[in-house]
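Undergrad: got a sequence here, can you build the structure:
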Amino acid sequence: MEPVTHFLTGACLGRAGFNRKTAYATLAAVLAAEAADIDVLWGLAGPVEELKHHRGITHTFAAAPVVAAAAVGAVWLVDHWVRRRRARRAAALGQAKASPALEQGAPGPKARQPVSWPWLYLTALIAALSHLLLDWTNNYGLRPFFPFNPRWYAGSFVFIAEPVLWLLLGSALVIPGLLGLIGGEIGARKVQFRGQGWAIFALTGMVLVWGWRWAELGHARALAENARIAAAPVKRMALEPYPVNPFRWHAILETAEFYQTAEIDTRTGTIDSDPQQDVLFKPAVTAATEAAKRTPLGQVYLDWGTWAVVRDVGQAPVAGMDAPQLPPNRASDWTTVEFTDLRFDYSYLGTGKASGRSPLNGWVYIVDGREDAGEAMGGREQH
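TA: Sure thing, here's the model as predicted:
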C-alpha cells in the first residue's frame, strides 16, 4: 500500500490500547508501520536498482524485528531529547523558584507517562508486521520469506491506494479529537486516552473490508471460470482490483497464443470482453528480446513481473534516455525492447495498453541483437 494507509494504520494501532501501556506508543507504531519503505532510497541508484530492492529485505519476516528495533531506537532518541529539555527547564525553574509568581502556586510540569520499552518494542513489532500484511493485500505483492524463499506472494484483492481505508482510518483519528473539543467547550471531564474505541472500530472495519473484497474476488473468479471468455483453453488467470468499487475486477487470461482481458462486475454478474480489442497476441521471440531478458533490467523485471510481456517495438525512442548513436552505415542496427506487466496494464487513471503511461514499464535498447545500449523505467535511465 501507499504510505498514507501505513501511517494511518500505525496511528490506529497505537491508539487502540498500546498508548495506555507506555509513552510514545503511537509514535513508535507510526514509525514502524512505514519504516519498511525506506528501501525506496535505492531509487537514488537508478530505477532498475529501485525495482530490484523495492519490497525486498525490509519487507520480510526476518527483517521485521530489526525494523521494529530501529523504530524503537528512533523513539529512544526522541525520549533522550525530551528528557534533556525537561532537565534544562527544571533547572531554570529551580533558579527562579524565589519568584513571587511561583511562590503563589504557579503550576508545575504535568506528570509524564512512563516509558515501558518492552511494550514499546511489542507495539513497533506489530506495526512492522502490519506493513507486510497491508502490502500482501494488493497485486504488487512481496517476498515475506526472502532470502530463504524468493517467491512473490500477492492477495490482489485491494487496490494499492484505497480511499475507503483512508476514510475509515482517518475518521478514527479525527473524530475523537473533534469530540474532545466539543467536550472542552461544555466543560466535560478531559479524557487522557481518547479514541481507543474508534481506533479498534477502524481496524476491525479494515479487516471486514478485506473480507468483503476477498469474497468478491472469489465470486469474480467463479464467474470467469464458468464463462467462455477466451476462444482457446486458458492456461492461467489473474484478477486485479479497482479502488473503491469492490464489485469491479479486471481479468487477465493466458492461452497458448494470446492474452485476453475482461471486465467483471460481480454485482450484476456481467462479463465484458471484446475479442477484437481485448486480445493481445504473444509477441514473437527475437534475438533482441532474448538479449534484453539477460540484461539487469530484464532479470529483475522477469523475477518480479509474474505477467510480464516482452516485445520488440522497433526503433522507438524512450523518454528520458537517448537513442544509441551509431555510424550511418549501422543506423538500423538497434531496436527497443519493452517490458510490460499486464497486472498494471488496465484502464485506470490513464494507464493501459493504448496509453503506454504505466510507470512500471521498462525499456532496453539492444544493438546488433545482443548488446545492452541503455535501460530505463518511468522516464529515468539506469546509469
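Undergrad: CA only for contacts and neighbour counts going forward, please
TA: Noted.
Undergrad: and residue 222, how many residues sit next to it?
TA: By other Cα atoms under 10 Å, 12 other residues sit near residue 222.
Undergrad: tell me what the helix or strand it falls within is packed against?
TA: In the assignment (DSSP states H and E), residue 222 maps to helix 196-226. Under the contact criterion of 3 or more Cα pairs under 8 Å, 6 or more residues apart in numbering; DSSP states H and E, helix 196-226 touches helix 3-15, helix 163-185, strand 236-241, strand 248-254, strand 258-265.
Undergrad: try it again at 6 Å.
TA: Applying 3 or more Cα pairs under 6 Å, 6 or more residues apart in numbering; DSSP states H and E, one finds that helix 196-226 makes contact with helix 163-185.
Undergrad: assign the residue nearest to residue 321 when sequence neighbours are not counted to helix, strand or coil.
TA: Closest residue in space to residue 321, ignoring its immediate chain neighbours: residue 381 at 5.6 Å, by Cα to Cα, 6 or more residues apart in numbering. Per DSSP: H, G, I helix; E, B strand; the rest coil, the local secondary structure of residue 381 is strand.
Undergrad: read off the pLDDT value for residue 381.
TA: Residue 381 carries a pLDDT value of 93.
Undergrad: now residue 214
TA: At residue 214, pLDDT is 97.
Undergrad: same check on residue 320?
TA: pLDDT for residue 320: 88.
Undergrad: please, where are all the strands along the protein?
TA: In the chain, the segments counted as strands under DSSP state E are 236-241, 248-254, 258-265, 270-272, 279-281, 308-312, 334-341, 362-367, 371-377, 380-382.
Undergrad: the residue nearest to residue 251 when sequence neighbours are not counted and residue 310, how far apart?
TA: Leaving out its chain neighbours, the residue that sits closest to residue 251 by Cα to Cα, 6+ apart is residue 239, at 4.5 Å. Residue 239 sits 21 Å away from residue 310, taking Cα to Cα, to the nearest Å as the criterion.
Undergrad: so residue 363 touches residue 378, yeah?
TA: No: contact between residue 363 and residue 378 fails when scored by Cα atoms under 6 Å: they sit 9.3 Å apart.
Undergrad: more crowded one of the two?
TA: Neighbour comparison, residue 363 and residue 378: the larger count goes to residue 363, with 29 against 16 (by other Cα under 10 Å).
Undergrad: and that one, bridged to which residues?
TA: For residue 363, the beta-bridge partners are residue 338, residue 376 (DSSP bridges).
Undergrad: before we move on, the earlier item: how about the helix holding residue 222: buried residues?
TA: 196, 198-203, 206, 209-210, 213-214, 216-217, 219-221, 223-224 (16 or more other Cα atoms under 10 Å).
Undergrad: over to stretch 250-258?
TA: Within stretch 250-258, the residues scored as buried using 16+ other Cα under 10 Å are 250-255.
Undergrad: contacts for it, please.
TA: Residues outside stretch 250-258 that contact it (Cα atoms under 6 Å, 6 or more residues apart in numbering): 233-240, 259-263, 280-282.
Undergrad: how far does that stretch stretch from start to finish?
TA: First-to-last residue span, stretch 250-258, Cα to Cα: 17 Å.
Undergrad: that stretch - what's its average pLDDT?
TA: Per-region confidence: stretch 250-258 scores 95 on mean pLDDT.
Undergrad: starting at the chain centroid, how far to that stretch?
TA: Averaging C-alpha positions (Cα atoms, centre = their mean, to the nearest Å) puts stretch 250-258 26 Å from its chain's average.
Undergrad: need the contact list for the residue lying closest to residue 137 once chain neighbours are set aside.
TA: Of all residues not flanking residue 137 in the chain, residue 155 sits nearest, at 4.5 Å (Cα to Cα, 6+ apart). By Cα under 6 Å, 6+ apart, the residues touching residue 155 are 136-138.
Undergrad: same check, this time on residue 8
TA: Neighbouring residues of residue 8 by Cα under 6 Å, 6+ apart: residue 169.
Undergrad: the bottom helix or strand of this protein by mean pLDDT?
TA: Ranked by mean pLDDT, DSSP states H and E, the weakest helix or strand in the chain is helix 100-103, scoring a mean of 46.
Undergrad: list the contacts of stretch 239-248.
TA: Contacts to stretch 239-248, defined as Cα under 6 Å, 6+ apart, come from residues 157-159, 162, 213, 249-251, 264-267.
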